[in-house]
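**Q** Next input, structure requested:
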Amino acid sequence: MGKILFDSSAIERMLARIAHEIIEKNENLDKVALVGVLRRGVPLAERIAENIERFEGVKLPVGKLDIDRKSTRLNS
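**A** Numbering: from 1, shown residues only. I've put the predicted structure just below:
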C-alpha cells in the first residue's frame with residue numbers, strides 16, 4: 001500500500017470547502033450544475049452536491065462526462 005496523503009476527515013473538509021466556494025461564488029445556485037468526469041469524478045461531484053444541499057437546501061443537478069476516446073457522451 002502507498003503513502004496516505006489525506007485521511008477521510010481531511011477529504012470531507014476539502015469537499016465541504018469546495019462546496020462553500022461554489023456557494024460563495026454563485027449568487028443564484030439555480031443556475032449551477034456539477035459535472036463529474038467518469039469514473040472517479042462522479043462520486044466527488046455527487047458529494048459536493050450533497051454538501052451544497054445540506055448547507056443551502058438547494059439540490060444541484062449532477063451530470064456525468066465520459067471522456068473515453070471511444071465515447072463522447074454526456075450523461076445525466
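**Q** Which secondary structure state is assigned to the residue nearest the centre of the chain?
**A** The centre of the chain sits closest to Ala45, judged by CA atoms, centre = their mean, with a distance of 1.9 Å. Under DSSP: H, G, I helix; E, B strand; the rest coil, the three-state class of Ala45 is helix.
**Q** nearest spatial neighbour of it, skipping sequence neighbours?
**A** Gly36 (3.3 Å; CB to CB, 6 or more residues apart in numbering). (C-beta placed from N, C-alpha, C; glycine too.)
**Q** Now do the contacts for the one you found.
**A** Val42, Pro43, Leu44, Ala45, Glu46, Val62, Gly63, Lys64, Leu65 (CB atoms under 8 Å, 6 or more residues apart in numbering).
**Q** now Arg54
**A** By CB under 8 Å, 6+ apart, the contact list for Arg54 is empty.
**Q** Which pLDDT value does the model give it?
**A** Note on Arg54: pLDDT of 98.
**Q** And Ile67, by the same measure?
**A** Confidence at Ile67, expressed as pLDDT, is 87.
**Q** my read: it touches Val37, true?
**A** Yes. With contacts counted by CB atoms under 8 Å, Ile67 reaches Val37, the gap being 5.9 Å.
**Q** State which helix of this structure is the longest.
**A** If you go by DSSP state H, the chain has its longest helix at helix 8-25.
**Q** any weak-confidence spans in this structure?
**A** Along the chain, segments meeting pLDDT under 70 span 1, 69-76.
**Q** Report all helices and strands that the longest helix of the chain contacts.
**A** On a contact count with 3 or more CB pairs under 8 Å, 6 or more residues apart in numbering; DSSP states H and E, helix 8-25 meets helix 41-56.
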